[in-house]
Each structure stands twice: as structure tokens, then as C-alpha cells.
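# okay, predicted coordinates and the sequence, questions at the end:
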Amino acid sequence: MSRTAEPRLLLVTGLSGAGKSTVLKVLEDLGWEVVDNLPLSLLEALIAAPAKGSNASRPLAVGIDSRSRGFKPNRLVKQIKSLREAGGRDVQTLFIDCAGAELERRFSETRRRHPLAEDRPAADGIAREREMMESLRRWAEHVIDTTNYSSNDLQQEVRQRFGDTGQDEPVLNIMSFGFARGLPRNADLVFDMRYLRNPHWDAKLRPGTGLDADVSAYIAADPAYETTVAQIEALLIALLPRYRAEGKSYVTVAFGCTGGRHRSVHVAERVAKRLREAGHALTVIHRNLDSAPQDGLEGRPPSAPSAPGGGKA
């Protein structure tokens, strides 16, 4: 049974430069009615205005941030609570976050001034805005951290979360990534595959990826592989129906290895195949598949086996 048949209202907010404009554009492409930078004093009037014809049940996305007239985070939280208590719409909040260093880089590249630091370094405005927005971030049902996202990554994330799937199943994403390139901040479950033997240290396998048959065979030959991966698959098959029963709208399962090109890619593909066989629709994302292999990221190569007599071969 669906959680609600009420028209959807999504309040889109977050840090300047984190990607709010991209999110609103994608929502518009998905058929949402979109209003950006609405003064807070007009929010309730907009929602109360009667929609006619096919727009009566059309979802509404409203962009509000520190540039909006009359913006006060605590006031907005109170308005959200009031809207939920009044009923009539399924009200949710999406917060777009991003690391400070990445925001500084974006403002520097675009030569834009931060709206809260017109005459000061962007870092000052970013810190001030983050402190101001903290109550909204804690309140939001949806948080997307765009630190490691390209524009295409963000668009795909929004389509998966807010596109109409036509069913009660949560949107399921299976992701591979490299720990050396940062954790995926939006993952619900993370499994570390670095216990499996690493194809990077085989010169013939290093240029390949976990999508290649010879690399996959090398990983699968690890004595711990079959038992542990099968247990992960069984765990996910048991958990996913529980997430659905709790009304979770999306689930991201991430598999990590050091560089994100071999072990995590192979395991993500195998688990995705098993979950599809169990009846789950899903999307596979390989975050670091195109990254260049680097010895410096992979740590130390495995020790050579001991020769007879205790010396090194």
C-alpha cells in the first residue's frame, strides 16, 4: 500500500553552489511544477492557491535558500511543521549539501561571489551559511551531498529519488567506489571489499576492471570470496522487504575497495545480478571505474611467499 495519495510538496534548500538549480531543473523535466527563490511570506499562499485540471495533483517543488526574501531557517521549519499538520499535501524537504573546500573551488572557477560574502573570501560566506542552515539540514528527510558529484551524477540521483516509479518498491542503487577517493556520503549500507585479494598487483590485470572476465575470475578465486559475498546477498534479500515496509523511498548499497576499479566493481555487478534474480529493479553505478590505476592509492603490494628455509623467494 502506498504511504500517501496526497499531492507532493518538496522544499528544496541547501548551501549556495551545492546544486539547487540543477535539482530544480531536473524536477521540472520530471513534470514537477517548480518555483524558485520564493519569499517565505508567500509560501503558504502559493500552496493554498487552487490548482486546476491536470495540475491539481501535479507535484510542487519550491526552491528556498539564504537568498530568498525573508529567509530564516527556524521560521521555515515552523512553516513546514504547520503545513504537515494542516494536511492536504505530502510535505518533504531536500537539503543539498557540499564540503566547504569543494564549494570554494566552484566559486573560484565560476568567479561568482558568495551571497553571504560579497566583500569577503567565499570561505567566510560558506562557513556562515553552513551554521545558519544547520537546523534545516537536521530537519530534512532527504540530504544529497554533491561533493564528489558531477552534474550528471546529481541529475541521475534526483531522477532516481523523485521520478515516478509507479510502484511501492524503494528506488534501489548498487554502487561501487574507491575508499581512496572518499566515501559515498549518500550510501545507506557500505560493504568493504578490501579483504579480497587485489588484482591491481598483477601486472596483466591492473589495466582491466571488475567488468573483465579475467579480473572477475581472479577475485572469485579468493578462498573467502564465495562464502562472504553469498552472505551479503542473503542479508540484502532479507533487508530490502523491510525497507519497503518502513516506507523507505530509496536505498543505496555501496561496495568499496581501495581504488574502486576491480574488487568493488565485480562484487557490485554480481550482487546486482542476484538481486535482479530475486525480483528487485535497480540501477548500478560505478563511481570510480574510469579513474586511472595508481600504485600510491593501493598501499603495499602483498608480501612474497617465504622460500624454503625461511628466506624470501
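Structure's in. What do you need?
# give me the number of residues near Arg287?
Burial measure for Arg287: 22 neighbouring residues, criterion other CB atoms under 10 Å. No exception for glycine: its C-beta is placed from N, CA and C like everyone else's.
# next one: the one 3 residues further on
When neighbours are counted by other CB under 10 Å, Asp290 registers 9.
# other SSEs contacting the helix or strand where Ala272 lies?
Assignment of secondary structure by DSSP states H and E places Ala272 within helix 263-277. Identification of packing neighbours for helix 263-277 by 3 or more CB pairs under 8 Å, 6 or more residues apart in numbering; DSSP states H and E yields strand 171-178, helix 213-220, helix 225-245, strand 250-257, strand 282-286.
# of those, which is nearest Leu94?
For the helices and strands packed on helix 263-277, distance to Leu94 was read as CB to CB. The smallest value, 11.9 Å, belongs to strand 250-257.
# would you mark the buried spots in that closest one?
For strand 250-257, the buried set under the neighbour-count rule, 16 or more other CB atoms under 10 Å, comprises 250-257.
# do stretch 278-288 as well
Under the neighbour-count criterion of 16+ other CB under 10 Å, stretch 278-288 has 280, 282, 284-288 buried.
# please apply the same query to stretch 141-156.
So, applying 16+ other CB under 10 Å, buried residues of stretch 141-156: 142, 144-146, 148-149, 154-156.
# please compute how far it lies from its chain's middle.
On the basis of CA atoms, centre = their mean, to the nearest Å, stretch 141-156 sits 6 Å off its chain's mean C-alpha point.
# just the ones of the buried residues of stretch 141-156 in strands?
Secondary structure from DSSP state E places 142, 144-145 of the buried residues of stretch 141-156 in strands.
# can you give the domain ranges for this structure?
If the domains of the chain are taken from automatic domain parsing, they occupy 8-162, 171-295, with pieces of a single domain joined by a plus sign.
# I'd like the average pLDDT over the shortest one.
When you say that, I think you mean domain 171-295. Per-residue pLDDT values over domain 171-295 give a mean of 92.
# and for the longest one?
For domain 8-162, the mean pLDDT works out to 85.
# end to end on it, go ahead and measure it.
Across domain 8-162, the straight-line distance between its terminal residues is 10 Å, by CA to CA, to the nearest Å.
# what about the helices in this structure?
When secondary structure is read from DSSP state H, the chain shows helices at 20-29, 43-48, 73-86, 100-110, 122-139, 151-162, 213-220, 225-245, 263-277.
# that older thread, and which of the buried residues of stretch 278-288 is nearest Val34?
Compare each of the buried residues of stretch 278-288 with Val34 using CB to CB and the shortest gap goes to Ile285, at 25.5 Å.
# do I have it right that the closest one meets Ile174?
Yes. Under the criterion of CB atoms under 8 Å, Ile285 lies in contact with Ile174, with a separation of 7.3 Å.
# how close does Glu226 get to Asp202?
Distance of Glu226 to Asp202, computed by CB to CB, to the nearest Å: 20 Å.
# which of the helices of the chain is buried the deepest?
Relative to the other members of those, helix 263-277 carries the highest mean neighbour count by mean count of other CB atoms under 10 Å, namely a mean of 22.
# contacts for it, please.
With contacts defined as CB atoms under 8 Å, 6 or more residues apart in numbering, helix 263-277 is touched by 172, 174-178, 191, 193-194, 196, 198-199, 209-211, 215-216, 219-220, 229, 232-233, 236-237, 240, 253, 255-257, 282, 284, 286, 289.
# separation between the residue nearest to the spatial centre of the chain and Leu172?
In the chain, the C-alpha nearest the mean C-alpha coordinate belongs to Asn186, at 3.8 Å (CA atoms, centre = their mean). Using CB to CB, one obtains 13 Å as the distance from Asn186 to Leu172.
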